[in-house]
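In: build me a model from this:
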Amino acid sequence: MTADRFADWDPAGREFQQDPHPLWARLRAEAPIYPREMPDGRRTWMVTRHRDCVTVLRDPRCSAQKFPSHMLHQLAADPAAPFSVIARTVLGMMLVKDDPDHGRLRGLVNKAFTPRVVSELRPRVQAIADELLDAAARRGELDVIADLGMPLPIIVIAELLGVPLENRAELKRWSDKLVTFLDGTIRDKGLADAAVACVEMRAYMDQVFAERRAAPRDDLISRLIAAREVEDRLSDDELFGTVVLILAAGHETTTNLIGNGLYTLLRHPAELARLRARPELIATAVEELLRFEGPVALTSRNPAEDIELDGVRIPKDDELSLALAAANRDPDVFPEPLRVDLARGENRHLSFGFGAHFCLGAALARLEGQIALGSAVARFPGMKLASDTVEWKPGIVLRGLTGLQIRL
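Out: Now for the predicted structure:
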């Protein structure tokens, strides 16, 4: 068997979207560093082994700048260009920055997501989850995504930022449109909508920023503005890009964690019963659910110079696509990787990334996942899937369900 067998693989195809794991497993076994031509003529290398993904993520020569920098700067420099605002926003995000800018931005936001600060949020997160589950209990049914997975994290993030909750529907709509820009398989279809959403959200947030400058509050936006005004360490585009990133990454991935996690539990009834009998397993359970069907399936890096990865030469102008979903089922790292084990020890999954760009909100995502999943399992002992089939969102970067109907 050779790598030529993968020439017809369509990352945007329905078969792959619904279940990418067989393809990831074949690539990992047969062509773990696989070159693939991209629609724009560039070449990307699909990296599917755990050890290779870790090597790339810890290598400072591998840049987090996921988009051609010259293209973004060219778009950002022309205010009349239709995609100028979205280009400036992406350039302001720490997600696509390297040190020293990445470290500078991360340091400004990090204090909002320390384990101590996150632990203090536990009562509020629990109260939100209880309220959402109470409403589901009264209805007698639960759409895990719409009724729990989506509202819980966006309420928490909106309260952290200091954004009025009555605007959360708009924030969700804008964020959903902007997320498509991060996924090359769906970017072209959604780019115009993403640009419009970015302009609308920038206008809204500029108004919020002006209000916080005039009357600071005890929220993250006020603290970021203080850093901008007092220390001059944060540009206006970086301020907006940071807020967009916290909002989009802070709710979309946690929505997927909750939805994917409960779906996996319901498809593994023995492990679900195990968790119900031993609720103290919830912390390791969430780690295993993150490993088995994580909310982020792929990330990328761009070598700033020619590098060698496990004997394969990767030219400077190529891209490295790191299939975290494949790495998380690597049998060289995880014994019996296709088995869900809620008590699995030493779970070195890569769902939060690795190295300098390790997910800033990992502690908060874990807390929300533990509370949402633990509460649902305890609250509804008779819950069952309403259907044997589910639909997954399009895209290769994020992995999440469009909906998940549960009979209580």
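In: any weak-confidence spans in the stretch 101-250 of the chain?
Out: Low-confidence regions of the stretch 101-250 of the chain, defined here as pLDDT under 70, cover residues 181-190, 228-232.
In: show me where it has its helices.
Out: Under the criterion DSSP state H, counting those that start in this stretch, helices of the stretch 101-250 of the chain are mapped to 101-110, 115-120, 122-139, 151-161, 168-179, 187-214, 220-226, 236-266.
In: can you redo those as CSV with mean neighbour count?
Out: Bear in mind the C-beta positions are built from the backbone N, C-alpha and C, glycine included. Formatted as CSV, these follow (neighbours: other CB atoms under 10 Å):
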stretch, mean neighbour count
helix 101-110, 17
helix 115-120, 12
helix 122-139, 15
helix 151-161, 22
helix 168-179, 19
helix 187-214, 16
helix 220-226, 20
helix 236-266, 24
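In: take these and lay them out in CSV including distance to residue 344.
Out: Rendered in CSV, the data for these read as follows (distance: least, CB to CB, whole Å):
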stretch, distance to residue 344
helix 101-110, 29
helix 115-120, 22
helix 122-139, 24
helix 151-161, 25
helix 168-179, 30
helix 187-214, 35
helix 220-226, 34
helix 236-266, 13
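In: for residue 307, which of the ones you listed is the nearest?
Out: Judged by CB to CB, the one of these that comes nearest to residue 307 is helix 101-110, at 19.4 Å.
In: other SSEs contacting the closest one?
Out: helix 220-226, helix 236-266 (3 or more CB pairs under 8 Å, 6 or more residues apart in numbering; DSSP states H and E).
In: so which residues make contact with that helix?
Out: Taking CB atoms under 8 Å, 6 or more residues apart in numbering as the criterion, the residues outside helix 101-110 that touch it are 64, 94, 97, 220, 224, 227, 233-234, 238, 242, 246, 356-357, 360.
In: 6 Å instead?
Out: Residues external to helix 101-110 that are found in contact with it (CB atoms under 6 Å, 6 or more residues apart in numbering): 94, 227.
In: wait, residue 212 touches residue 220, no?
Out: No. With contact defined as CB atoms under 6 Å, residue 212 and residue 220 do not form a contacting pair (10.0 Å).
In: compile the helices and strands packed on helix 101-110 into a markdown table and extend it with columns for distance to residue 15.
Out: What follows is these, written out as a markdown table (distance: least, CB to CB, whole Å):
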| stretch | distance to residue 15 |
| --- | --- |
| helix 220-226 | 41 |
| helix 236-266 | 19 |
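In: out of those, which gets nearest to residue 325?
Out: Using CB to CB as the criterion, the shortest distance between residue 325 and the helices and strands packed on helix 101-110 is 10.7 Å, found for helix 236-266.
In: tell me the contacts of residue 353?
Out: Taking CB under 6 Å, 6+ apart as the test, what residue 353 contacts is residue 359.
In: from residue 126, how far out is it?
Out: 27 Å (CB to CB, to the nearest Å).
In: check residue 158 too.
Out: When distance is defined by CB to CB, residue 158 is 17 Å away from residue 126.
In: then residue 56?
Out: If you measure residue 56 against residue 126 using CB to CB, the figure is 38 Å.
In: same deal with residue 147?
Out: The gap separating residue 147 from residue 126 is 17 Å, by CB to CB.
In: could you do residue 192 as well?
Out: Residue 192 is 40 Å from residue 126, by CB to CB.
In: any weak-confidence spans in the stretch 251-400 of the chain?
Out: Screening the stretch 251-400 of the chain residue by residue with the criterion pLDDT under 70, one finds no matching range.
In: just the strands in it please.
Out: Under the criterion DSSP state E, counting those that start in this stretch, the stretch 251-400 of the chain contains strands at 298-303, 307-309, 312-314, 319-323, 384-385.
In: including mean neighbour count, could those go into JSON lines?
Out: Supplementary listing: the strands of the stretch 251-400 of the chain in JSON lines, determined by neighbours: other CB under 10 Å:
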{"stretch": "strand 298-303", "mean neighbour count": "23"}
{"stretch": "strand 307-309", "mean neighbour count": "16"}
{"stretch": "strand 312-314", "mean neighbour count": "15"}
{"stretch": "strand 319-323", "mean neighbour count": "23"}
{"stretch": "strand 384-385", "mean neighbour count": "12"}
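In: how about these in CSV, adding distance to residue 396?
Out: Putting the strands of the stretch 251-400 of the chain into CSV (distance: least, CB to CB, whole Å) gives the following:
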stretch, distance to residue 396
strand 298-303, 5
strand 307-309, 20
strand 312-314, 20
strand 319-323, 8
strand 384-385, 25
